[in-house]
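Q: Based on what follows, work out the 3D shape:
(chains A and B)
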Amino acid sequence: MIINLWINDKEFMDDVAPDKMLLDYLRSKGFFSVKRGCETSNCGMCTVLLDGKPVLSCSTLTVRANGKHIATLEGLQAEALEIGGFMADEGAEQCGFCNPGFIMNVIAMKRELKDPGEDQIKKYLMGNLCRCSGYMGQLRAIKKYLAAEKEGAK
Amino acid sequence: MFTINQYVLAESLEQAYALNQSRINVILGGTLWLKMGRKKFNKAIDLSALGLDTIEEDEDQFKIGCMCTLRQVETHQGLDQHFDGVVAKALESIVGVQLRNGATVGGTLYSRFGFSDVLTVLMALDASVERYKGGIVSLADYAAMRPDNDILVRVLIKKDPRRASYSCFRKSAGDFPVLNCAVSKLEDQWAVVIGARPGRARRIMFTVGGTPSEENIQSIVETVRGSIPFGTNLLGSAAYRRILAEVLLRRNIEAILMGGAQ
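A: Numbers count the residues shown, from 1 in each chain, chains lettered A, B, ... in the order given. I've put the predicted structure just below:
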C-alpha cells in the first residue's frame, strides 16, 4: 500500500507491506535511534511520537501512520542533548540501550504534563524499562532537568 | 509475528461487518496483542476512519467509541468526575503511557483478556456494549460470550450515583495483574468483580441494606472465594489468588464505605 508520511518533518512516500511494523520501517529508513527491545509491547525502547503522542513503534502498523507526523530522537537533537546531559551528570545509565526511548517519553511527558510531581513522573515513565539501573539516577536527572527548564522559562 | 495480506480502511460499519464474516479476516484494535500471535490474516479491517475514536457525554451516559485508546478513557475529565475516578485509577496501572496510547477499548473488551483491568472496572460500573448487528448487551453478559463476528461499536456507561473502588496486585508496576478487583455500590446493590483469576473477569451481585456489618462483609468474602473459580499460572497459584481476593475485596469495600476509590 502506498503511504505518505512525515518523519521529523521530512516527507516520505513509500509502498509498504500491510503488516510492516513502524519500528522496522523507521529503521529501514535509517532512523536507528528506534530500538527493538522486548518486542512484546512492554519495554518502551521503540517509543516514537505519532502526531505528538508517544507510541510503541514495534506494535504500530506502518500503514496506520499514513498522513501522519512521526518524531524520532534524530529530529529532537537539541532536547535530547540537554536531557542526556542531565542523565550523564547523575550517572543514570550503564549500557544506554534504553536511553533513546526513555528520552522520547520524557519529551512527551514534558509536553503533556504541567509541573509533574515525582508520582506523576513515575507513572508517566512506567512503560520505559531499564535493566541496568534502579531508576533513581534517571529520576534525579529528570527532576533537575524539569527544574532547570522551569527556571529557564522564567 | 502475525501476517496480513491486505489492509482495508473501512468506509462504513456495514463494509467492515461484511468483511468480518470471514474467519480469515480480522478487525484491528491497537495490534499490541494481535501482533504477538502467529496468525495469518487475509484482510485486516481498520475502523480508524469511522469517527469511533471519541467519547460522547450527555446527561445520562458516556458513550465511548470502540477505537478510543485506553489513554483517552483514562484522561477524560468527565469520566474522572464520576464513580470516584475509578476508571482512571484502574487504567493507569496498565503497562505504560505508550501502550495505552495504542490499545483500544474495543480491542481489549472484544478479546476478553483474562488479565484485563478494563473489563474488571467496567463490569463493576454495569457498562453495556453496543454491537453493530446484535444491539446493546450488558458487558457482564458480553464478557461471558464467545467472541463472534459482530462489531463492538461503543461502550455505554450510565451516569448513576454509584460509588466505586478498584484495586489490584502486581509484582511490579506495569506488569500483568496477579489479581484485580473492582467493587461498586448503588443504593443497596453491591457489584463485586474479580479479574485476572487468571481467566476473564466474573461478577457477583449482592444486596445489603445500609452499612454492611463485618458479618455481611465476611459473607460476601466467603461467597466470592467459594463461587468464583481461581486458577494457577506463572504469576501465582489458585490458593494465593484466593487469599489476595479477600484482601483486595475488603480494601475496596472499606474504600467505598470511606467515600469511594482507593
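Q: near chain B at all, the worst-scoring helix or strand of chain A on mean pLDDT?
A: When the helices and strands of chain A are scored by mean pLDDT, DSSP states H and E, helix A:136-153 comes last with a mean of 94. No: using Cβ under 8 Å from any Cβ of the partner chain, helix A:136-153 stays clear of chain B, coming no nearer than 13.2 Å. The C-beta positions use only the backbone N, C-alpha and C, and glycine is treated the same way.
Q: Give me the contact list for that helix.
A: A:82-83, A:86-87, A:89-93, A:102, A:106, A:110, A:115-116, A:118, A:121-122, A:125, A:130 (Cβ atoms under 8 Å, 6 or more residues apart in numbering or on different chains).
Q: how does it look with 7 Å?
A: A:Ile83, A:Phe86, A:Met87, A:Asp89, A:Glu90, A:Gly91, A:Ala92, A:Val106, A:Lys110, A:Ile121, A:Cys130 (Cβ atoms under 7 Å, 6 or more residues apart in numbering or on different chains).
Q: and if you look at stretch B:129-146?
A: Under Cβ under 7 Å, 6+ apart, the answer for stretch B:129-146 is B:13, B:17, B:109, B:112, B:119, B:122-123, B:127-128, B:150-156, B:200-201, B:203.
Q: ok, 6 Å please
A: B:13, B:17, B:112, B:119, B:122-123, B:127-128, B:150-155, B:200, B:203 (Cβ atoms under 6 Å, 6 or more residues apart in numbering or on different chains).
Q: Report the buried residues of it.
A: B:Val129, B:Glu130, B:Arg131, B:Tyr132, B:Val137, B:Leu139, B:Ala140, B:Tyr142, B:Ala143 (16 or more other Cβ atoms under 10 Å in any protein chain shown).
Q: Just send the contacts of helix A:136-153 back as TSV, with pLDDT, secondary structure and neighbour count too.
A: TSV is the format used below for the contacts of helix A:136-153 (pLDDT from 0 to 100; DSSP: H, G, I helix; E, B strand; the rest coil; neighbours: other Cβ atoms under 10 Å in any protein chain shown):
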residue	pLDDT	secondary structure	neighbour count
A:Ile83	97	helix	23
A:Phe86	97	helix	21
A:Met87	96	helix	23
A:Asp89	96	helix	13
A:Glu90	96	coil	19
A:Gly91	93	coil	11
A:Ala92	92	coil	23
A:Val106	98	helix	26
A:Lys110	97	helix	17
A:Ile121	98	helix	18
A:Cys130	94	coil	23
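Q: Show me which pair in these is furthest apart.
A: Across these, the longest distance by Cβ to Cβ is 21.9 Å; it joins A:Gly91 and A:Lys110.
Q: Which elements pack onto the helix or strand harbouring B:Ala239?
A: Assigned by DSSP states H and E, B:Ala239 falls within helix B:238-257. Helix B:238-257 makes packing contacts with strand B:163-170, strand B:177-186, helix B:214-227 when contacts are defined by 3 or more Cβ pairs under 6 Å, 6 or more residues apart in numbering or on different chains; DSSP states H and E.
Q: ok, now which ones touch the closest residue in space to B:Gly209 that isn't next to it in sequence?
A: In space, and not counting its chain neighbours, B:Gly209 is closest to B:Asp188: 4.8 Å by Cβ to Cβ, 6 or more residues apart in numbering or on different chains. Going by Cβ under 6 Å, 6+ apart, B:Asp188 touches B:Thr207, B:Val208, B:Gly209.
Q: Now do the phi/psi pair for B:Asp188.
A: With angles defined as degrees, to the nearest 10, B:Asp188 sits at phi -100, psi 10.
Q: can you tell me how far it sits from chain A?
A: 35 Å (Cβ to the nearest Cβ, to the nearest Å).
Q: What are the boundaries of the strands in the stretch 1-150 of chain B?
A: All strands of the stretch 1-150 of chain B, identified by DSSP state E, counting those that start in this stretch, fall at B:3-9, B:26-27, B:40-46, B:55-57, B:61-65, B:128-131, B:135-138.
Q: do the same with chain A
A: A:2-7, A:10-15, A:47-50, A:53-56, A:69-71 (DSSP state E).
Q: Spatially central residue in chain B, please.
A: B:Leu119 (1.4 Å; Cα atoms, centre = their mean).
Q: was I right about it contacting B:Arg203?
A: No: counting by Cβ atoms under 6 Å, B:Leu119 sits too far from B:Arg203 to count as a contact (9.9 Å).
Q: partner residues bridging B:Leu156?
A: Listed beta-bridge partners, B:Leu156: B:Lys63, B:Ser128 (assigned using DSSP bridges).
Q: pretty sure it is touching B:Ser128, no?
A: Yes: contact criterion Cβ under 6 Å: B:Leu156 and B:Ser128 qualify, at 4.6 Å.
Q: Hmm, B:Leu152 and B:Tyr110 touching each other?
A: Yes: using Cβ under 6 Å, B:Tyr110 is in contact with B:Leu152, at 5.0 Å.
Q: Neighbours of B:Pro212, how many?
A: Burial measure for B:Pro212: 19 neighbouring residues, criterion other Cβ atoms under 10 Å in any protein chain shown.
Q: Distance of it relative to B:Glu254?
A: Counting by Cβ to Cβ, to the nearest Å, the separation of B:Pro212 from B:Glu254 is 10 Å.
Q: And for B:Ala173?
A: Distance, B:Ala173 to B:Glu254, by Cβ to Cβ: 23 Å.
Q: Check B:Ala18 too.
A: Relative to B:Glu254, and taking Cβ to Cβ, B:Ala18 is found at 50 Å.
Q: and what of A:Lys144?
A: 39 Å.
Q: cool, A:Lys154 as well?
A: As judged by Cβ to Cβ, A:Lys154 and B:Glu254 stand 45 Å apart.
Q: Next: B:Asn101.
A: Relative to B:Glu254, and taking Cβ to Cβ, B:Asn101 is found at 33 Å.
Q: Between the two, which is the more surrounded one?
A: B:Asn101 (22 against 13).
Q: On the pLDDT front, check the more buried one for me.
A: In this prediction, B:Asn101 carries a pLDDT score of 98.
Q: Most proximal residue of chain B with respect to chain A?
A: Going by Cβ to the nearest Cβ, chain A is nearest to B:Gly96 of chain B, at 1.2 Å.
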